[in-house]
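Trainee: one predicted model, sequence on top.
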Amino acid sequence: RTAPPHDRKRRSMKRPRLFKPKGTGRIRGRSGSSGSRILGVGGYRPERVVPNAEIVDAINSSDEWIQERSGIIERRFARPDETVVDMSYAASRDAIAMAGLDVSDVDAVIVASVTHEFRTPAAAPMLADRLDLRCAAFDVSAACAGYCHGIALASDMVRGGSATTVLVVGAEKLSDVTDPHDRSTAFIFGDGAGAAVVGRSDRHGIGPTVWGSEGDSWATIRQREPWNDVIAAESGNGATIAMEGHKVFRWAVWGMAPVAQRAMEAAGVKASDLDAFIPHQANMRIIDSMIKQLKLPKDIAVARDIATTANTSAASIPLATERLLREDLVPHGGLALQIGFGAGLVYAAQVVELP
């Protein structure tokens, strides 16, 4: 049987010789650091305070019901012209100042956010430009766990040598994507930004990160409609957040304490070694439940920033950290367990040394 012309040609071609590598060059890597730590933190809360009284009429509720259900008394909303980048800039300046560094010392910027006004460009390069930096800059989309993801990435970058000083920001303008008439979400969210500077250390100031996702439950917390459908329909509420609150509550209560425990074990510390517990500020009842499951001693400071800041997603942990330090509720250099969890469903936890 005669083979097609192209097959005959291929069969007649000689196989190329297998060459040995020259072996005359070696890749030179950047020298990293044996450890990394958080050098400074900063926070920004918008000026406008929104008490529960402004929320209740639209959802046929009451201040008492909101506080009993979530622990939230009030939240902050950004101005209409105030952006995620604006808030990130303010928080970043404070974090860099606390670290005792110049802005020019920063050689990478990571922004965790799901409410940046553009799908592209990302918020990080815009923030870097605002800081007059020309450096590596990228966003992380991991919802309420975004800040902890950013800390993990920054720590690895510093230890691996791809950066020396990384600015990590969690910033959200959730008032833009909250349906004020949705009884399950209207009272939960607030706006704000928190930042941290991660740099080199001669010891391990950031423990191994325990992280993961349960993508089969992605619809539990979600944007109501895909962006393309929202644009096509010119809908006013398709881009707002929808949440199956009872499912999220059960997942957070029963699923996240074991993750936090694993983070402590990975860092080689016990609950009694901690000075602070800084969970994502999702719900006061979730926080209380995690404290019980982890059997945390009563002398550990617990972040409860949710009462006056509400749920600020990726900004909640750095904002809570900044408040604890500013109000002298935790010692500088103390150990804190932090854990973020949210839409995706994604989570991340690590033990860190406070700046």
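Mentor: Arrived safely. Numbers count the residues shown, from 1 in each chain.
Trainee: the residue lying closest to Gln261 once chain neighbours are set aside: neighbour count?
Mentor: Distances taken as Cβ to Cβ, 6 or more residues apart in numbering place Leu294 nearest to Gln261, at 6.3 Å, with adjacent residues excluded. Just so you know, the C-beta spots here come from the backbone N, C-alpha and C atoms, and that holds for glycine as well. By other Cβ atoms under 10 Å, 21 other residues sit near Leu294.
Trainee: ok, the one 5 residues further on next?
Mentor: Residue neighbour count, defined by other Cβ under 10 Å, stands at 8 for Asp299.
Trainee: host element of it?
Mentor: Assigned by DSSP states H and E, Asp299 belongs to no helix or strand.
Trainee: likewise Val166?
Mentor: Judged by DSSP H and E, Val166 forms part of strand 165-173.
Trainee: quick one: the closest residue to Ala152 other than its chain neighbours and Arg37, what's the gap?
Mentor: Using Cβ to Cβ, 6+ apart and skipping the chain neighbours, the partner closest in space to Ala152 is Thr209 (3.9 Å). To Arg37, Thr209 is 14 Å away according to Cβ to Cβ, to the nearest Å.
Trainee: of these two, who's got more company?
Mentor: Arg37 (22 against 19).
Trainee: leaving out sequence neighbours, find the closest residue to the more buried one.
Mentor: In space, Arg37 is closest to Gly205, 2.5 Å off (Cβ to Cβ, 6+ apart).
Trainee: now Ala171
Mentor: Spatially, and ignoring its direct neighbours in sequence, Ala171 is nearest to Ala193 (3.6 Å; Cβ to Cβ, 6+ apart).
Trainee: tell me the pLDDT at Phe189?
Mentor: Model confidence at Phe189, given as pLDDT, is 95.
Trainee: surely it touches Ser175?
Mentor: Yes: counting by Cβ atoms under 8 Å, Phe189 does reach Ser175; the two are 7.0 Å apart.
Trainee: doesn't Leu329 belong to a helix?
Mentor: No: secondary structure of Leu329 (DSSP: H, G, I helix; E, B strand; the rest coil): coil, not part of a helix.
Trainee: correct me if wrong: it contacts Ala301.
Mentor: Yes: using Cβ under 8 Å, Leu329 is in contact with Ala301, at 5.0 Å.
Trainee: which residues do the two both contact?
Mentor: Ala276 (Cβ atoms under 8 Å, 6 or more residues apart in numbering).
Trainee: which one of those two has more residues nearby?
Mentor: Taking neighbours as other Cβ under 10 Å, Leu329 and Ala301 compare with Ala301 leading, 17 against 14.
Trainee: where do the helices sit along the stretch 101-250 of the chain?
Mentor: Counting by DSSP state H, counting those that start in this stretch, the stretch 101-250 of the chain has helices at residues 123-130, 146-160, 227-233, 245-267.
Trainee: which one of these lies nearest to Asp107?
Mentor: helix 146-160 (9.3 Å; Cβ to Cβ).
Trainee: report the angle between that closest one and strand 165-173.
Mentor: 170 degrees (axes from the mean of the first three to the mean of the last three Cα atoms, to 10 degrees).
Trainee: now Asp102: phi and psi?
Mentor: The phi/psi pair for Asp102 (degrees, to the nearest 10) reads phi -90, psi 150.
Trainee: which residues sit in contact with the residue nearest to it when sequence neighbours are not counted?
Mentor: Closest residue to Asp102 apart from its sequence neighbours, by Cβ to Cβ, 6+ apart: Ile96 at 7.6 Å. Counting by Cβ under 8 Å, 6+ apart, Ile96 makes contact with Gly40, Gly42, Asp102, Val103, Asp105, Val106, Leu167, Val197.
Trainee: in ChimeraX, how would I select the buried members of these?
Mentor: Buried residues among the contacts of Ile96 (16 or more other Cβ atoms under 10 Å), as a ChimeraX selection:
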select :40,42,105,106,167,197
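Trainee: just the ones in strands from the contacts of Ile96, please.
Mentor: Counting by DSSP state E, the contacts of Ile96 place Gly40, Gly42, Leu167, Val197 in strands.
Trainee: need those residues in a markdown table with distance to Ala112 and pLDDT, can you?
Mentor: Converted to a markdown table, the ones in strands among the contacts of Ile96 look like this (distance: Cβ to Cβ, whole Å; pLDDT from 0 to 100):
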| residue | distance to Ala112 | pLDDT |
| --- | --- | --- |
| Gly40 | 17 | 98 |
| Gly42 | 15 | 98 |
| Leu167 | 12 | 98 |
| Val197 | 15 | 98 |
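Trainee: thinking again about what came up before, do you know how far the residue nearest to Ala152 is from Gln293?
Mentor: Applying Cβ to Cβ to Thr209 and Gln293 gives a distance of 20 Å.
Trainee: same thing with Tyr347?
Mentor: 15 Å.
Trainee: next: Asp273.
Mentor: Taking Cβ to Cβ, one finds Asp273 at 18 Å from Gln293.
Trainee: residues in contact with Gly100?
Mentor: Leu39, Gly40.
Trainee: Leu354 is in contact with Pro331, correct?
Mentor: Yes: the pair Pro331 and Leu354 qualifies as a contact (Cβ under 8 Å) at a distance of 7.3 Å.
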